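>>> Got a predicted model here, sequence first, then my questions.
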Amino acid sequence: MLSVEDWAEIRRLHRAEGVPIKEIVRRLGVARNTVRAALASDRPPRYVRAPRGSVADAFEPRIRAVLAEFPRMPAPVIAERISWPYSITPLKKRLRQIRPEYVGVDPVDRVVYEPGQITQCDLWFPETPIPVGRGQERILPVLVMTLAFSRFLTATMLPSRQCGDLLSGMWALISQIGRVTKTLVWDRESAIGGTGRVSVPAAAFAGTLATRIRLAPPRDPEFKGMVERNNGYFETSFLPGRVFTSPQDFNAQLADWLPRANARTVRSIQGRPVDLLDTDYAAMVALPPIDPPVGLTGRIRLARDYYVRVDTGDYSVDPRMIGRFVEVTASPDRVVVSCQGQIVAQHRRSWAKQAVITDPAHVALAQQLRRELTRVGHAPAHRHVGAYGARQHSDGHTVQI
């Protein structure tokens with residue numbers, strides 16, 4: 001085959017210098033017909049290998065018959081249906097070519113985000129187990145929020161993926177910025193919109209902030225692909241080489257690293273998130289004067305064991321509240337129990353599973369109440385009731401238990 005250099009030289013000699021074809025043949029040692037073909041062609045010669053065919057050619061009618069009925073059937077299942085005897089690679093290559101004829105093409109439009117419009121939210125689960133105390137290590141969720149216009153990143157680790165904890169994390173991150181975008185985009189996280197509709201606590205949270213929560217279509221991660229890519233960015237740029245001693249240490253290291261992440265240049269916006277944040281901020285919605293409802297909440301009648309359950313942990317309460325209704329409120333940091341507006345228990349929240357957290361003062365009170373309940377009267381006529389215990393009636397006489 002004639003090389004590109006010889007083709008260029010033939011054309012130069014004949015057209016620029018006027019060398020006849022016979023002399024070009026003598027100088028370059030090529031055939032006369034080769035010179036004529038080079039002069040007749042306006043494009044350089046290009047080698048094209050003749051198609052050799054594929055082992056999939058004989059199976060294509062059967063492949064198409066399967067695709068006509070089941071357009072999205074995976075390649076290994078198709079291979080089983082058609083008794084494919086070779087490596088799966090040629091079959092996958094042929095399926096990439098012909099499958100679009102049956103399932104169609106799903107193009108993705110380029111989206112332009114306006115300032116203050118959208119925040120994409122997602123949960124990232126780092127593979128590194130985090131020590132949470134009591135000899136336990138857990139894989140914990142990290143709430144990641146990305147402002148769509150400026151690409152500004154915020155994130156925090158949470159003790160669970162329950163709705164109250166997710167709302168607490170959202171409020172903490174929104175409070176850091178000082179304003180909220182007009183829309184918060186979530187996938188169908190069970191606590192936010194697992195049924196296809198925004199849950200009541202999440203709707204109350206959004207309503208208080210005068211924003212809205214928009215749920216992504218099912219099985220469509222591209223709908224919030226920006227925050228999905230940022231999850232991968234955390235995996236490759238924040239996590240490697242780090243050791244964490246607690247969830248609080250994780251959040252502290254993350255808080256130290258995020259300013260560097262927001263100071264990097266993002267190619268898609270040709271700028272740095274920290275520089276574009278002011279433009280985003282100016283178009284956001286101002287925060288209300290009251291805090292939205294967040295955290296895990298509940299109302300129960302306190303049982304005889306004077307403990308309340310939050311997530312999977314049990315927390316002691318003033319035993320004098322036994323039999324009365326108490327309100328339980330838990331943030332990622334604190335557990336507070338109140339009765340008729342009066343706080344009757346406060347604990348630091350434990351992120352360990354099945355933890356039992358006890359205030360020694362509550363145990364001492366319980367012992368005192370038991371002693372009072374079993375106090376035996378001093379009158380001889382009532383000593384026979386001591387084996388079963390007795391208590392004092394409000395008028396002073398001893399009542400058998």
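Perfect, I can see it now.

>>> contacting residues for the closest residue to residue 237 other than its chain neighbours?
Distances taken as CB to CB, 6 or more residues apart in numbering place residue 261 nearest to residue 237, at 7.2 Å, with adjacent residues excluded. The C-beta positions use only the backbone N, C-alpha and C, and glycine is treated the same way. Residue 261 is in contact with 153, 233, 237-238, 273, counting by CB atoms under 8 Å, 6 or more residues apart in numbering.

>>> redo that, cut-off 10 Å
151-155, 230, 233-234, 237-238, 254, 273-274 (CB atoms under 10 Å, 6 or more residues apart in numbering).

>>> do the same with residue 116
Counting by CB under 10 Å, 6+ apart, residue 116 touches 147-150, 179-183, 279-285.

>>> tell me, how many neighbours does the closest residue in space to residue 311 that isn't next to it in sequence end up with?
Leaving aside its sequence neighbours, residue 311 sits nearest to residue 160 (CB to CB, 6+ apart; 5.5 Å). By other CB atoms under 10 Å, 19 other residues sit near residue 160.

>>> go on, residue 182?
Burial of residue 182 is recorded as 15 neighbouring residues (other CB under 10 Å).

>>> in the stretch 301-401 of the chain, which spans are strands?
Secondary structure of the stretch 301-401 of the chain (DSSP state E, counting those that start in this stretch): strands at 307-310, 313-316, 325-330, 334-339, 342-348, 356-357, 390-392, 398-400.

>>> Which one, of those strands, ends up nearest to residue 242?
strand 342-348 (24.4 Å; CB to CB).

>>> end-to-end on stretch 24-39?
11 Å (CA to CA, to the nearest Å).

>>> what's it in contact with?
Contact with stretch 24-39 is made by 1-2, 6-11, 13-15, 17, 19-23, 44-45, as judged by CB under 10 Å, 6+ apart.

>>> buried subset of those?
Buried members of these, counted by 16 or more other CB atoms under 10 Å: 2, 6-7, 10-11, 13-14, 21.

>>> Same list (the strands of the stretch 301-401 of the chain) but as a markdown table, adding mean neighbour count.
Supplementary listing: the strands of the stretch 301-401 of the chain in a markdown table, determined by neighbours: other CB atoms under 10 Å:
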| stretch | mean neighbour count |
| --- | --- |
| strand 307-310 | 19 |
| strand 313-316 | 22 |
| strand 325-330 | 19 |
| strand 334-339 | 18 |
| strand 342-348 | 15 |
| strand 356-357 | 14 |
| strand 390-392 | 16 |
| strand 398-400 | 15 |
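
>>> Could you say which helix or strand holds the residue nearest to residue 237?
helix 247-262 (DSSP states H and E).

>>> Name the residues of whichever helix or strand comes after that helix that are buried.
Once the chain leaves helix 247-262, the next helix or strand it forms, by DSSP H and E, is helix 273-282. For helix 273-282, a neighbour-count test (16+ other CB under 10 Å) marks 273-274, 276-277, 280-281 as buried.

>>> Quick one: mean pLDDT over the helix holding residue 261.
Helix 247-262 shows a mean pLDDT of 98.

>>> Can you list the buried residues in that helix?
Buried residues in helix 247-262, counted by 16+ other CB under 10 Å: 247, 250-251, 253-254, 257-258, 261-262.

>>> now swap in stretch 286-305 and tell me
Within stretch 286-305, the residues scored as buried using 16+ other CB under 10 Å are 287, 292, 294-296, 302.

>>> ok so, going back, let me know the angle separating the helix holding residue 261 from helix 273-282.
Orientation of helix 247-262 against helix 273-282 (axes from the mean of the first three to the mean of the last three CA atoms, to 10 degrees) gives an angle of 90 degrees.

>>> and helix 247-262, C-alpha only, in PDB?
The C-alpha trace of helix 247-262 is given here as PDB (Å, rounded to 0.1, in the frame of the first residue of the first chain):
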ATOM      1  CA  PRO A 247     -18.300  10.200  64.900                       C
ATOM      2  CA  GLN A 248     -17.400  13.500  66.500                       C
ATOM      3  CA  ASP A 249     -13.800  13.100  65.200                       C
ATOM      4  CA  PHE A 250     -15.100  12.300  61.800                       C
ATOM      5  CA  ASN A 251     -17.200  15.400  61.700                       C
ATOM      6  CA  ALA A 252     -14.300  17.500  63.000                       C
ATOM      7  CA  GLN A 253     -12.000  16.200  60.200                       C
ATOM      8  CA  LEU A 254     -14.700  16.700  57.600                       C
ATOM      9  CA  ALA A 255     -15.300  20.300  58.700                       C
ATOM     10  CA  ASP A 256     -11.500  21.000  58.400                       C
ATOM     11  CA  TRP A 257     -11.400  19.500  54.900                       C
ATOM     12  CA  LEU A 258     -14.600  21.000  53.400                       C
ATOM     13  CA  PRO A 259     -13.100  24.600  53.000                       C
ATOM     14  CA  ARG A 260     -10.400  23.100  50.700                       C
ATOM     15  CA  ALA A 261     -13.000  21.200  48.700                       C
ATOM     16  CA  ASN A 262     -15.000  24.300  48.200                       C
END
